[in-house]
Structure formats: structure tokens, C-alpha cells
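A.B. asks: got a predicted structure here, sequence first:
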Amino acid sequence: MTNTEQAAPDGVPGQGDDLEELTSSDTGARKPGPIATKILLGAALAWSIFQVWIASPLPFIANEITGLSIVLNSTEERSVHLAFAIFLAYLAYPALSRSPRHYVPVQDWAMALVGAFCAGYLFLFYNQLADRVGNPTAFDIWVSSVGMLLLLEATRRALGPPLTVIATIFLLYTFFGNYMPDIIAHQGESLRGVAIHQWLTTEGVFGIALGVSTKFVFLFVLFGALLDKAGAGNYFIKVAFSLLGHYRGGPAKAAVVASAMTGLISGSSIANVVTTGTFTMPMMKRVGFSREKAGAVEVASSVNGQIMPPVMGAAAFLMVEYVNISYFEVVKHAFLPALISYIALVYIVHLEAMKQDMQALPRSGPKLPFVRAMAGFLAGFLLVAALAVAVYYLLGWMPDVFGGASGWIIAVALALVYGGLLAWGARWPDLPLDDPNEPVVHLPQVKPTVNSGLHFLLPVVVLVWCLMVERLSPGLSAFWATVFMIFILLTQRPLTALFRKADMAGTFRQGWDELIEGMIAGARNMIGIGIATAAAGIIVGAVSQTGVGAALANVVEVLSFGNLLLILLLTAILSLILGMGLPTTANYIVVSSLLAGVVVQLGAENGLIVPLIAVHLFVFYFGIMADVTPPVGLASFAAAAVSGGDPIKTGIVAFFYSLRTAALPFLFIFNTDLLLIDVGWVEGIITFVVSTIAMMVFAAATQGWFITRCRWYEIALLLLVVFTLFRPGFWMDMVYPPEKAVPPAQLTQVVGELEPGADLRLKIDGTDAIGNPRTYYVHLPVAEGATGEERLANIGLTLYDGGDGKIEVDNAEYNSVAAKLGLAFGDFITGVQVPVWQPPKQLLWIPAGLILAVVWFAQRRRRPAAAAATAAA
């Protein structure tokens, strides 16, 4: 019985078909005849092999041995990558809903081949194109034009009309800019200019987004597909249920944890919903959740899988390129909000269970007392932490002792650990694929469930180790993790049979088949992502060619009246609107390209320094929210197809469950401690604890239930507590202003008196790039030096005092600190704010805690009466 058939809820007709239709967006809905199927699967397999090849050291080794130029540059790699994606898109996706699905029409074969040729043109004729840069032939223009048209059609088939329409609008705007309103008008571009910019350079289709898809995203998707084929997906779900299923609302809590772990495997919200939801939602309904609430819990937890490092869909790798920071930094900044969001969702599920007085599922074996269970968990955590520290320091000195042989020693040690874990897991039976619609479900026991698949954690450990400790590139880290996964797929079944002293016949062939299936699944899962990043490149190319970004910045600034909070709301709304039809990755690319710089600029003009990574995470979070939000929340439709609920109602409930995800971006824009920016270990731990408590209180307020049902004034008090815990500085600044104003004429004197490292806030009246007047703020660091003049000179700043109280910037040296802050000749300093002593803002947490305690005691006294009234009803 297939997962779709298992999940057909309560005899609702057509749900299985609806689910298949929704989930086909990842791999294609066409199931052609045997010959076409072999070509489709063969091309997918070849794509995966190509991606593993270019990520490996093998091309360089082969280049050294043969002397041939085998190593491809990034443009050639992107060209081949897109050629595979377009070819597979036309074979896998029918043109229309009424188009044939059991064979591939001749026109689709033709478009697949021509589209692949146009995409691969940069690879096939790279040297010739390099010799005539800026002087293309007529054939070059034809190939570029046909290629863009076929890319747009492939986008429509694989991703639906929205991204196609948006990309087409930007192309038309590029051609007909001279007919646009004055505020966004430009001179217009010729077909030749657009073809060169969009197709024959790396400014458009073959730009950064497609490069990230080629270098990083494919390998992570392939790694996840191989991990799932090995059985890790089922293992993660079973472990979550064995640990949490016996609590109130346990299946829902297990769904949240399982989705967080499945987020390591899948970067797709819909795939995550279907992977875990076919098992979790029927069980949630069994313990008392309605169809809509069961679907909403699964949607909220599955969508959050995209914000959970280390993969985060494709966004983490795009942020590396767009923000120009290391992958380690991206993961560090994204980790805390994602973890807090998941903890808050578990708490929301707990509150729902309390509201409805749900009972737990029966558990096989004895139930441990809570204290003993927590002691065991703490002991296990401490043991794992101790082992991690020991391994870290052990591996740290190995290169010094063994030199170049240390890599082989580590590989042998990893293989021995793998063999030991596999031998240990072979003592327990394999985890079955349960049918969640059976009338009685007994939760799996913790010990045999956890022990049976511990070796699945090793590839994840290798991936995280390479990324976080060795600081290898994301592509190389994913390559080594994928190589280890290939080794596991080929060996786990023969070795398990050996350890169990069972018949080994056919076990290697089964592992080989699973490897091939995983390679094909990884490539098919990448079709939509490859197409989406290429199509989004058209939009990015149009922005860079026409300069519309600056024009849109002016439009948004006018609409927001220069208010930062209002522009954040407009950005959030734009992300939600675009996300109704765009994949999260494409949504993120479009909105961040258009508005990220605008938010940073307006923040500066409002006196707030907004880190660029905070803005990019803000856009990404709201792009994800679009998968939840009605009327087009695709993840909600997928969940409703499994649960049998109403998709719109499911989306509405999921939206309320996801309010914590919508609140977090606004919070970390104004409180960057949440992103661990310039935060030490101790302060980071305190921030995590307090922020988690605050988000749980926010969940209680939005759900209207804390210890018992909340009254309206209790909700108001809880929200006040949340705001104070997240932004204690807001109230402290009212009581003790952190700065005092001094006349601009005293700036040099003040700089000489302050300690080096202090910051001054300057109000600047100047002009923008096109000469329009603007007012903005900068934070001026105090440098080392004996006098104020020397300290200003050390940051590249020279001032002119005209004697009328106005201080003018006489010079900001090129590439100096002053120039990087945006200061320029002719700007006037009209305000100076000097930092003064302020009590620690964290003191405000004390009254917030007291208010929370008052609400807690008031509800605790009221709880017995509420319980009695519920029982009487």
C-alpha cells in the first residue's frame, strides 16, 4: 500500500489524487512509456553523477594525470546544470492539465532538446563566445532569445504561471522602459542588449542564483534524497514518536520534532508535509485534534523545516553570496530564531492539548517517572557533549602528529564507528512502515527504536563537522557527506545481514538499487529549484540592467513616508503576495534584490543600524509564511489532502500557529541579539533562555490559554511581558536615555575626550547618488589618537567649521572608515549624540517576570474551578 493510499482520510474521495497533484510539483506529474521513462530516469541519474563529479577533487586529479583541460569553470557548470533542468522539465511536466501524461508528445521532445541546447550553449561554445565578448553573432542572439522563451515555458510548467508572469513583466519593462511613468522610466534596451546581458553573461539567467543551485543546493538535495532512501526519514519519525508520543497531544509534538529532523533531508515545505504528515496527522486526529488543527500543526512544523540550519532550502547558500559572509556566520545567525520557533510550536501543541483535555497514546513497556526520564536525558546529553569535546580535541591535534595521513586515519576511524553502530543496531529489528489508520497504535519503545538507526546520524555529523569545524565550503562539505551516504547505502544491508548471521544474498543489489533510486530522486527534486533560480535570474538581470532597484527604493520610501516599521510591513506584505505563487527560493531572490538595500538605507535614515543579514532573514521568513497563508498556501492544501480537512480553514489555523514565525523577523530587526550578532557565549545563552520564555508567553497570549483560559486583560499583560523580554531597551531608553545631544561644533572636542571604541551618533544632511537632499544617521567609531583631530584623521575624516555652528565634511578619504559609513564631501553634520551611562537594560526583565508571576498565580487559583466547570459540561 502506498503512502498516498494509506493517507486517504475517512473515505473522502479524490484526496489521494489531490495529494499526488500537489506533491508532483517537486518531481513532475508525467508517467510516460517505458522508453521515455528510461530516458527521463537516465538523464536524472546522469545529472546527479555530473554534479557529484564537479564537486569532487576527481576533475583536478584527472587533469593532473592526463594533462587535459577537464576542470570546468563556473559558467560552464551552470550551463550544463540548466541544460539538464530544462530537458527534464519538458519530459516530466505536461504543458496543460489536459495534456497526455502516459507519453511525451513530439513537440515536448523538440522543446526539451532545443532548450537543453540553448542552455548548454555557453558550455559548448565557451571559447568562441569568450573571443567575441560584447560582439555576438546573429546566431548568438537567436539562441539567447529562444533560450529565454523556452526557460519561461519550462518555468510555467514546473512552477505555475506566477514566476513566469513576473519574469515576463520585468523583461517587458527592460524593453519598454521609455514608456513607463517618470519615477521608474529608463531609456529602454534593445533585443541585442537584453540577449547579451541576460543569456551571454553571468548578470542574468546564469548569475549568482543559478550558481548557488549548481554548486551547493543540488548536493544538499541529493544528500537528503540518499539519506531518505537509506531509511533515515522513517527512523526520525519513529524516534520522535517514541520520545514524545506518550505525552498529551504527543503525536502533534512528535510531528513538530519529526519535521525539524526531516528538515535536514528536505528543503521543500510540501515534501515535508507529505513525508511526516501521512503518519502524524491520522494519529493527531485519533487523540482529539480536528482535521484542520491536525493539518495546521503539520503545516506549521513542516514549513519551519526551511528555516532550520544547516540546509534552510537554498536560502543559506544564497545569503552567503548576497550578504558576503561565511556559511558558518549564516548558520550562526539563523540558528537561534529557528530553534526558538520550534520550541514555541511544541508549546502551542501542548496548550491545544490542555485546552481540549487530550489523552496520550498507549505506550509499550513501562513508563518511567518524569524525574527519572529527565535525569536519563540529562545524563545522555552530558555524555554526548563530553564525547563531542573529546573528539574535537582529539581530531584537532591529529594533523600535527600524522600530517597528511590524518585524513585517512579519520576515515578509517569513522568506518569503524559506523561498523560498531551498525552491529549495535542489528541487535534490534528494522523499523516497519506502520499504517497510521490501523484502529490501535502502540507507540514504539524508546531504546530499540533509537538504537536501531544510530548510524543514520553519522552522515549528518560529517556534514555539520565539515561545515562548522573544518570550515570547508558548503559544496565540498555536502560532497563528503554524500560520499559517506553512498558508502552507507551500499554496505548497510550486507553488513546488517552479516551481523545478524542472516542470508546476505541480494542485499548488495538492494543497496545498489536504493542508491540509483536516491540519485534519480535527488535530480528530480532539483528540477523545480534549477528552473526557479534561472528564471529568478531574469528578474535580477533586469534590475541590474535598468536600475529599477533605485527607482523602486524611491517608490517604497514615498509609500512608507520614510518610516522603517512601515517599510518592514510593506516588505512583509510583498513577500507574502509573491510567495502565493513563487517557490520560497525565487521569492527570496526577488524581494531581497529589490528591497534589502532599501530597508538598510531607511534604517540608517531613522538612526537604526540594520545588519544586512537581518534584512535577508526577514525576507526569507515571510517568503516561507506564504506557504501557509491562504488563499494559496500550498503546504496547507497538501496537509488538507492528507487530513481530509478544509484547506482554507487549515491555512487559517496554521497561520495563527505560525504567528510566532511572523513575529520573530520584526523582533530580530530591532534586537539583533537574537541573531547572535556581537554576542558572547554567556550573553548568547541568556538571550536564548529569555527569548524562548518570551516566545512561549507570546504563544500563550495568541492561543488565549496559559494555565487556564486567559481573560482579555491577562492577554494584554502577557503581550506586555513578551515585548519587555524581547526589547527591554525600549523602556530603559525612556527612563535613562542612552545618549545626550551636544552642539556639532563640539564634535572634535568630544571625540578627543571619549574612550577609543565608543560610538557617536551623527545626524547628516547630504544628498543621495542623484543629487536629491536626504537626512541620515551614522554611528561614528572613536579611533585611537592623542587628540580629537588625530582620531578623526585616523578614520579618514576631515571637518570644516565655518563658524556659523555648521560643521561640514571637508574630506572622507577613499576606502576609509568614514567613506564606508557614507560620509562625503559637502555633507553637513547637524546633530551629535554622545553615549552616556545607562543601567543594564536587562533589569527590566525583573518587573516583566513579576507580572508573569502575577498572571500565573491568578490563573492557578482559577484553574480548579475551570476544570470543574469543564467536567460538569
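C.D. replies: That came through, no problem.

A.B. asks: quick check, residue 838 in contact with residue 738.
C.D. replies: Yes: the criterion here is C-beta atoms under 8 Å, and residue 838 meets it with residue 738 at 4.8 Å. The way it works is simple: take the backbone N, C-alpha and C, and place the C-beta from them, glycine included.

A.B. asks: so what sits against both of these two?
C.D. replies: Shared contacts of residue 838 and residue 738, defined by C-beta atoms under 8 Å, 6 or more residues apart in numbering, comprise residue 732.

A.B. asks: got the domain ranges for this protein?
C.D. replies: 211-358+427-527, 561-735, 739-837 (automatic domain parsing).

A.B. asks: mean neighbour count and distance to residue 168 for the ones you listed - can I get that in TSV?
C.D. replies: What follows is the domains of the chain, written out as TSV (neighbours: other C-beta atoms under 10 Å; distance: least, C-beta to C-beta, whole Å):
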stretch	mean neighbour count	distance to residue 168
domain 211-358+427-527	22	21
domain 561-735	21	13
domain 739-837	15	29
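
A.B. asks: would you map the helices across the stretch 351-500 of the chain?
C.D. replies: 370-402, 406-425, 446-451, 457-464, 474-499 (DSSP state H, counting those that start in this stretch).

A.B. asks: hmm, I typed the wrong one, I wanted the stretch 1-150 of the chain.
C.D. replies: With DSSP H, counting those that start in this stretch as the criterion, the stretch 1-150 of the chain has helices spanning 3-6, 15-27, 34-55, 58-66, 74-92, 106-119, 121-124, 126-131, 138-159.

A.B. asks: can you say which of the ones you listed is nearest to residue 324?
C.D. replies: With C-beta to C-beta, the closest approach to residue 324 among the helices of the stretch 1-150 of the chain belongs to helix 74-92: 16.7 Å.

A.B. asks: counting by contacts, list what that closest one packs against.
C.D. replies: Here helix 74-92 touches helix 34-55, helix 106-119, helix 121-124, helix 126-131, helix 138-159, helix 208-212, helix 507-546, going by 3 or more C-beta pairs under 8 Å, 6 or more residues apart in numbering; DSSP states H and E.

A.B. asks: mind checking those helices for the one nearest to residue 300?
C.D. replies: helix 507-546 (22.6 Å).

A.B. asks: now the closest one against helix 474-499, angle please.
C.D. replies: 170 degrees (axes from the mean of the first three to the mean of the last three C-alpha atoms, to 10 degrees).

A.B. asks: helix 507-546 to helix 74-92, inter-axis angle?
C.D. replies: For helix 507-546 against helix 74-92, the angle by the same axes, to 10 degrees is 110 degrees.

A.B. asks: check the closest residue to residue 85 other than its chain neighbours and give its pLDDT.
C.D. replies: Of all residues not flanking residue 85 in the chain, residue 530 sits nearest, at 3.3 Å (C-beta to C-beta, 6 or more residues apart in numbering). pLDDT recorded at residue 530 is 89.

A.B. asks: and if you look at residue 482?
C.D. replies: Residue 482 is assigned a predicted lDDT (pLDDT) of 91.

A.B. asks: then residue 853?
C.D. replies: pLDDT, read off for residue 853, is 94.

A.B. asks: same thing with residue 868?
C.D. replies: We have a pLDDT of 55 for residue 868.

A.B. asks: highest mean neighbour count out of the helices of the stretch 1-150 of the chain?
C.D. replies: Mean neighbour count (mean count of other C-beta atoms under 10 Å) peaks for helix 74-92 among the helices of the stretch 1-150 of the chain, with a mean of 25.

A.B. asks: got the angle for it vs helix 106-119?
C.D. replies: Helix 74-92 runs at 170 degrees relative to helix 106-119, counting by the same axes, to 10 degrees.

A.B. asks: angle of helix 74-92 against helix 138-159?
C.D. replies: Angle, helix 74-92 to helix 138-159, by the same axes, to 10 degrees: 50 degrees.

A.B. asks: roughly how far is helix 74-92 from the heart of the chain?
C.D. replies: 24 Å (C-alpha atoms, centre = their mean, to the nearest Å).

A.B. asks: shift numbering so it begins at 547
C.D. replies: Sure thing, new numbering starts at 547, so read that last one as helix 620-638.

A.B. asks: kindly export that helix (C-alpha atoms) in PDB.
C.D. replies: Extracted in PDB, the C-alpha atoms of helix 620-638 (Å, rounded to 0.1, in the frame of the first residue of the first chain):
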ATOM      1  CA  SER A 620      31.600  28.200 -13.000                       C
ATOM      2  CA  THR A 621      29.900  29.400 -16.200                       C
ATOM      3  CA  GLU A 622      30.300  26.100 -17.900                       C
ATOM      4  CA  GLU A 623      29.000  24.200 -14.900                       C
ATOM      5  CA  ARG A 624      25.900  26.500 -14.700                       C
ATOM      6  CA  SER A 625      25.300  26.000 -18.400                       C
ATOM      7  CA  VAL A 626      25.200  22.200 -18.100                       C
ATOM      8  CA  HIS A 627      23.200  22.400 -14.900                       C
ATOM      9  CA  LEU A 628      20.500  24.400 -16.600                       C
ATOM     10  CA  ALA A 629      20.500  22.200 -19.700                       C
ATOM     11  CA  PHE A 630      19.700  19.100 -17.600                       C
ATOM     12  CA  ALA A 631      17.000  21.100 -15.700                       C
ATOM     13  CA  ILE A 632      15.200  22.300 -18.900                       C
ATOM     14  CA  PHE A 633      15.500  18.900 -20.600                       C
ATOM     15  CA  LEU A 634      13.900  17.100 -17.600                       C
ATOM     16  CA  ALA A 635      11.300  19.800 -17.100                       C
ATOM     17  CA  TYR A 636       9.800  19.300 -20.600                       C
ATOM     18  CA  LEU A 637       9.900  15.500 -20.200                       C
ATOM     19  CA  ALA A 638       8.400  15.400 -16.700                       C
END
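
A.B. asks: that one vs helix 580-601, what angle?
C.D. replies: Using the same axes, to 10 degrees: helix 620-638 against helix 580-601 is 160 degrees.

A.B. asks: now the strands for the stretch 1197-1346 of the chain?
C.D. replies: Counting by DSSP state E, counting those that start in this stretch, one finds strands in the stretch 1197-1346 of the chain at the ranges 1285-1288, 1305-1313, 1319-1327, 1343-1347.

A.B. asks: tell me who's in contact with the nearest residue to residue 1223 once chain neighbours are set aside.
C.D. replies: Nearest non-adjacent residue to residue 1223, counting by C-beta to C-beta, 6+ apart: residue 1157, 5.9 Å away. Each residue near residue 1157 by C-beta under 8 Å, 6+ apart is listed here: 1218, 1221, 1223.

A.B. asks: same question, residue 1284
C.D. replies: For residue 1284, the contact set (C-beta under 8 Å, 6+ apart) comprises 1275, 1278, 1381, 1382, 1384.
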